[in-house]
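> build me a model:
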Amino acid sequence: SEDGMEQKYVKEAFDTNWVVPMGPNVNAFEQDLANMANSKSDGSEPLDRKVVCLSAGTAAVHLALIACGVKAGDEVLVQSFTFCASSHPITYLGAKPVFVGSERDTWNMDPELLEQAILDRKAQTGKYPKAIVPVALYGMPYDCERIMAIADKYGIPVIEDAAEGMGSSFDGQVLGTFGRFGVLSFNGNKMITTSGGGALICPDMDSKTRTLFYATQARDNYPYYEHTHIGYNYRLSNICAGIGRGQMTVLNEHIAHHQRLAKMYEKALENISGLSYHANPDFRYESNYWLSCITLDERVHVVGEEAVQIEAGQVAPNRNIEALRIYMDKAGIETRPLWKPMHLQPIYADAPAYLNGVSEHLFRVGLCLPSGPMVTDEDFDYIISTLKEAIK
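Take a look at the predicted model:
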């Protein structure tokens, strides 16, 4: 951040010799995160969730699954349209991911498909899945109201993957606080960074204590090393937590920048035929707009489209989307295809999936635009003019 608070906290860690995965920065960072997570925009009584800082958002998903009792052979319902960190930890435990497709409005887990999957897995296996993992794709909230109602109806715990949705909210409540657990990420490209790291939002102190136990090699309370459970080396270092404390001072500025940029994109692109900007579906949704995303009708012609080659049978973005990415790249502007849904990944070819075609379609027609704090108004004008050149 511009005020350099990160360097101050990191220097304190070195000066006091707290360079290990514990210390004052970790405790203070966890409290800062809890304050953020527990606040409500309507000024009503804050929540009382606890936070554990970990080495990555992936570690947070893993420990949340353990806390929900997921074991080898169990099934876990997980959004297909996501990064692999949402589903890989399920396989770490020998459990089986069951993928759920997306709804058009949010691009996130479709509640109707979710309930269909729950009932079908019960009919096929004789038991309900052990957890549900919706994802805040690109910062956009999932339908917290309907997903939580369905989860409560069948008594299945929800692990919210809000790794991309830090600070996003639904109906005034911060993501990661609706389900039993909430996952945050501080990877280098996220809303704030600790260079690498993540956190788990826990419902109470007991679950935080239990998470800490598993995150520190599950060492039992003896003067020597005694282990009755398998643990993991998942704790965040005091050095990285110092970076996180400094970053928390600019979190709101970062979110405001992303949201302002989103409004600028939406306004600048609204009159381009065949192009759509992915925006909040209604007043209940407040995305942090971690990434600004567009979709492009496949009939829209893009300069250089004729030269794009796609292998027969390959599941890939449409030719005009790939041509647009290449055109922007040649102009020095990095864009990126949307996540390839997990049910289309070779490693998950045999996983059950409940689909409606939405995520597959979005993967073919979507593109992420530059969205970070370093994007200036001048950069924005250049991005827009280059994009219009490509598709005029």
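> can you show me the strands along the stretch 151-300 of the chain?
159-161, 169-170, 173-174, 181-185, 198-202, 275-277, 285-286, 292-296 (DSSP state E, counting those that start in this stretch).
> among those, which is nearest Gly244?
Shortest distance between Gly244 and these, using C-beta to C-beta, is found for strand 198-202: 8.7 Å. Heads up, the C-betas are built off the backbone N, CA and C, glycines and all.
> who touches that closest one?
30, 33-34, 37, 49-60, 63-64, 67, 163, 176-177, 181-187, 208, 211, 236 (C-beta atoms under 8 Å, 6 or more residues apart in numbering).
> any chance of a markdown table for the strands of the stretch 151-300 of the chain, columns distance to Pro370, mean neighbour count and mean pLDDT?
Formatted as a markdown table, those follow (distance: least, C-beta to C-beta, whole Å; neighbours: other C-beta atoms under 10 Å; pLDDT from 0 to 100):
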| stretch | distance to Pro370 | mean neighbour count | mean pLDDT |
| --- | --- | --- | --- |
| strand 159-161 | 24 | 30 | 98 |
| strand 169-170 | 24 | 22 | 97 |
| strand 173-174 | 26 | 23 | 97 |
| strand 181-185 | 19 | 30 | 97 |
| strand 198-202 | 24 | 28 | 97 |
| strand 275-277 | 14 | 18 | 97 |
| strand 285-286 | 21 | 21 | 98 |
| strand 292-296 | 8 | 23 | 98 |
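> could I get the ones you listed as TSV with distance to Tyr348?
Shown next, in TSV, are the strands of the stretch 151-300 of the chain (distance: least, C-beta to C-beta, whole Å):
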stretch	distance to Tyr348
strand 159-161	16
strand 169-170	28
strand 173-174	30
strand 181-185	20
strand 198-202	22
strand 275-277	28
strand 285-286	28
strand 292-296	23
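> so which of those is nearest Gly242?
strand 198-202 (14.8 Å).
> CA-only coordinates of stretch 236-249 in CSV, if you can.
Below are the C-alpha coordinates for stretch 236-249, written out as CSV (Å, rounded to 0.1, in the frame of the first residue of the first chain):
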residue,chain,number,x,y,z
LEU,A,236,0.4,-18.4,8.0
SER,A,237,3.8,-16.9,9.0
ASN,A,238,4.0,-13.8,11.2
ILE,A,239,6.0,-12.1,8.3
CYS,A,240,3.2,-12.7,5.8
ALA,A,241,0.6,-11.7,8.4
GLY,A,242,2.4,-8.4,8.7
ILE,A,243,1.9,-7.8,5.0
GLY,A,244,-1.7,-8.6,5.5
ARG,A,245,-2.2,-6.1,8.3
GLY,A,246,-0.8,-3.4,6.1
GLN,A,247,-3.0,-4.5,3.2
MET,A,248,-6.1,-4.4,5.4
THR,A,249,-5.6,-0.6,5.7
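> if we ignore the residues flanking it in sequence, what's nearest Ala279?
Glu266 (5.6 Å; C-beta to C-beta, 6 or more residues apart in numbering).
> the one you found: neighbour count?
17 (other C-beta atoms under 10 Å).
> same check, this time on Asp379
Around Asp379 there are 14 residues (other C-beta under 10 Å).
> ok, back up a step: buried ones among the contacts of strand 198-202?
Neighbour counting by 16 or more other C-beta atoms under 10 Å classes 30, 33-34, 37, 49-60, 63-64, 67, 163, 176-177, 181-187, 208, 211, 236 among these as buried.
> give me the subset of those residues lying in helices.
Among the buried ones among the contacts of strand 198-202, the ones falling in helices (DSSP state H) are 30, 33-34, 37, 57-60, 63-64, 67, 208, 211.
> export the residues you listed as TSV, with columns for pLDDT and distance to Ala149.
Shown next, in TSV, are these (pLDDT from 0 to 100; distance: C-beta to C-beta, whole Å):
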residue	pLDDT	distance to Ala149
Glu30	96	30
Leu33	96	27
Ala34	97	26
Ala37	96	22
Gly57	96	26
Thr58	97	28
Ala59	98	29
Ala60	98	24
Leu63	98	26
Ala64	98	20
Ala67	98	22
Lys208	98	26
Thr211	97	26
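> so which residue of this structure lies furthest out from the middle?
In the chain, Pro223 marks the outermost C-alpha relative to the chain mean, sitting 39.3 Å out by C-alpha atoms, centre = their mean.
> from Ala331, how far off is it?
63 Å (C-beta to C-beta, to the nearest Å).
> equivalent analysis for Gln116, please.
Per C-beta to C-beta, Gln116 is found 44 Å from Ala331.
> so where's this protein shaky on pLDDT?
1-4, 6, 9-11, 13-22 (pLDDT under 70).
> which one's the longest helix in it?
Under DSSP H, the chain gives helix 251-269 as its longest helix.
> list the contacts of it.
Contacts for helix 251-269 (C-beta under 8 Å, 6+ apart): 36, 139, 166-167, 191-192, 275, 277, 279, 287-290, 292, 294, 369, 371-373, 375, 380, 384, 387.
> so what's Met205 closest to, chain neighbours aside?
Lys50 (5.6 Å).
> in the sheet, which residues pair with the one you found? Tell me.
Bridge pairing for Lys50 (DSSP bridges) gives the partners Cys202.
> now do the helices in the stretch 1-150 of the chain.
In the stretch 1-150 of the chain, the segments counted as helices under DSSP state H, counting those that start in this stretch are 5-15, 24-38, 57-67, 88-92, 111-125, 144-154.
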